[in-house]
Each structure stands twice: as C-alpha cells, then as structure tokens.
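Asker: Sequence first, predicted model second:
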Amino acid sequence: MTEQEHQLFIKADLYFDAATGSMTTTADAPAEAAQNFTAALQSINQPTSNWHSSATNQASYQTELGFKGAVEKAIAAITSEEMEKVVLSRNYSEKLPANFSPVAAFEAMLQAYPNAFVSLVSVPGVGTWMGVSPEVLVSINEEQIFKTVALAGTQPAVEKVGDAIWRQKEIEEQGMVERYILSCFKSLRLREYTEVGPRTVIAGNLMHLRTDFKVDLKEVDFPTLGTDMLRLLHPTSAVCGLPKEPALQFILSHEGYNRSYYSGYLGPVNSPAGTHIFVNLRCMQVRDQEIILYAGAGITGESNPEKEWQETQHKMQTMRRILVNFE
Ligand SMILES: C=C(O[C@H]1C=CC=C(C(=O)O)[C@@H]1O)C(=O)O
C-alpha cells in the first residue's frame, strides 16, 4: 500500500437495499443523488470510462519467476525458524475487455457467487475495485452476534464437500490462523465464545477449511469487541502470516510488488444490517486499459513453489470466470 492508497470511509448518504428495493437518504445527501443512482443502475452497459481510475499511473507487477523465487526464500526462512507461515501474493494484468461493464460484472458476480461478499467500489482518485471475498474479518449483525473466521487451506472444489481430503500442510496452515484468533481473544480476556470447525467450505471454484467463532454481545458486555478485534486481526494470518511481524517484514522485503488494496478490508459499518467487514480477496482492480487480478497463497515449511503458483492461478479463476462474459 502506498501513501495514496489510504484507508477510506465512505459515508452512506444513500442506502439502497437491492433485496427490498428500498432506498433511504440522509438529510444532507445531495438532492439529485437518488435520481443519479437509479439512472446509473439502469444503464447497466455503461462503458468503463465513466468509472474512476487509480491516481497512481504505474502499477507494479510480480512475475512467475519472481513469485516462485520469493516462495523458495520463504521456505528457507521458515525452515530456519524465522517464522512459521507467510502468505505471498502476486498480481497479473490483462487487457480490459472492450465491452466490460462494472455493473454487469457485479450482477454476474452476485449470480455466480451467492455465498460470498460481492463488492464494487469506485472512488474518485482511488480507482475501481471488484471482488468476491470468502473471508469475514469482523462482523456484528442486527442480533448483536459477533463473528470472525479462521480461513485457510485451498484446493479445487469437489462435487460433495464431504468427499474433501485435506493434507497435513493445509490442516496445519489453517490451525495457525485459528490459534492466532484464540490468542487475540485471550489478550482481550474474552472467554465466552463458541468455536465450530474446521469445516470444508466452498468458495466459488475452490474449497477452504474454516473455523467459525461467535460471541453473543447480548450476553457478553464487550462494546468494543468489533474494533478491538479489527485492530488485532488485521492483517490476518490468512493474508500475512505468523508470527505477524516477521511475516509482514518478509512480505515487504520479498514480495516485489505493491498489493495496493488487495488483502485490505472493506464492508458496511453500522449499516441497518450491522457491520460486516471482509478481507479484500479474490478481487481485481479495473483500470483504463487493463484489469489487474490479485491472489496469494499461504507458505509453510511443506510448500512447493510450483503448487503455490498453481494455487494463485486457481484463485485468480474466481474473477476470470466473470471476465469471460465480456470476451
Ligand atoms: C490469500 C488468499 O487466500 C487466503 C484465504 C484462504 C486460503 C488461503 C490459502 O490457502 O493460502 C489464503 O490464506 C487469496 O485468495 O489471495
């Protein structure tokens, strides 16, 4: 992330619920906001040029050789006990399809990935990002149930999740994420939580191992739990590593490109449906002439550079499946 890519808080002066079709506006919302929004919703095939592009002209890229080289170095660092796990990522640029429409792509994402957090964010001077995240970072619903997950381990989806077989490497990788969440609860002296899993979950074309953690805030008096956990969890061991600090330093020195908003977090805060913050995974950046896809893979001592490369290819398929609609 560079200085231009700072944290953004977008005020919901216009709130539209697609399920019910209801729209609410704040008292200070510009008069024409609702009208413009409705018009934009209808012009589904608007060209991309109407969408915001990043102020940073030069995107940086990671090559196959660069990625695999970084994985080799990570395995060596893990073997010499400098850290237990690190998540290395890369990006890939594709030509923007001529007929690409962010709104049509958003609709295609909703259809294709009904269980994911589907997002389209376009901000002046910042750019346009789209994604289908499977990873809840922090969520508090209308019933005051706090949720977070330990998500890790990846393989192509099989027809029946019950048939999934996981290797020791993935089980350990996910166990590390789980242990980290438990250590966060411990540091907050929180003992009243439920933990279910790990279970196999489907995320588009992939499967992961996931443990769900819940805290009932009606029973536990902990008004700052959401903000405390956000501070402790980000960047999670599903996108950074363990221990956090050496993994982060390793990423900064060896990853070789700028993650920008990939692996950050996004989602509604204090909305009528609560707060639902997700990790920005399985995402892409829409630029004037190109689409940049992003994906990472958790590296442990058991990793193999070729397999980790393949894993990032599979993760990029999530967004590529949407892009083929425009080719
Ligand atoms: C870092 C990514 O996925 C994370 C989430 C689930 C499984 C992961 C894994 O198996 O490595 C990653 O930790 C990504 O999609 O770019």
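Answerer: Arrived safely.

Asker: Three-state assignment for Phe146, please.
Answerer: Classification of Phe146 by DSSP: H, G, I helix; E, B strand; the rest coil places it in strand.

Asker: how near is Gln155 to Ile171?
Answerer: Relative to Ile171, Gln155 is positioned 12 Å away (CB to CB, to the nearest Å). For every residue, glycine as well, the C-beta is placed using N, CA and C.

Asker: quick one: contacts of stretch 276-284?
Answerer: With CB atoms under 8 Å, 6 or more residues apart in numbering as the contact definition, stretch 276-284 has outside contacts at 116-117, 119, 129-139, 141, 203-204, 230, 236, 238-239, 261-269, 291-295, 315, 318-319, 323.

Asker: show me which of the residues you listed neighbour the ligand.
Answerer: The subset of the contacts of stretch 276-284 within reach of the ligand, by CB under 6 Å from any ligand atom, is Glu135, Ala238, Val239, Ala295, Lys315.

Asker: now those residues in CSV, with distance to Ala33, pLDDT and neighbour count?
Answerer: Formatted as CSV, these follow (distance: CB to CB, whole Å; pLDDT from 0 to 100; neighbours: other CB atoms under 10 Å):
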residue, distance to Ala33, pLDDT, neighbour count
Glu135, 31, 96, 25
Ala238, 36, 91, 28
Val239, 34, 95, 26
Ala295, 35, 97, 24
Lys315, 36, 96, 23
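
Asker: Sitting in helices, which of those do you find?
Answerer: The helices, defined by DSSP state H, take in Lys315 from those.

Asker: Tell me the one among the ones next to the ligand among the contacts of stretch 276-284 nearest to Ala39.
Answerer: Closest approach to Ala39 among those (CB to CB): Glu135, at 33.7 Å.

Asker: give me phi/psi at that closest one?
Answerer: With angles defined as degrees, to the nearest 10, Glu135 sits at phi -110, psi 110.

Asker: Not including adjacent chain positions, what is the nearest residue to it?
Answerer: Val279 (4.1 Å; CB to CB, 6 or more residues apart in numbering).

Asker: What separation do you get for Arg189 and Val220?
Answerer: Applying CB to CB to Arg189 and Val220 gives a distance of 11 Å.

Asker: Which of those two has more residues huddled nearby?
Answerer: It is Val220, of Arg189 and Val220, that has more neighbours when counted by other CB atoms under 10 Å, with 15 against 7.

Asker: okay but that one is in contact with Glu192, surely?
Answerer: Yes: contact criterion CB atoms under 8 Å: Val220 and Glu192 qualify, at 4.8 Å.
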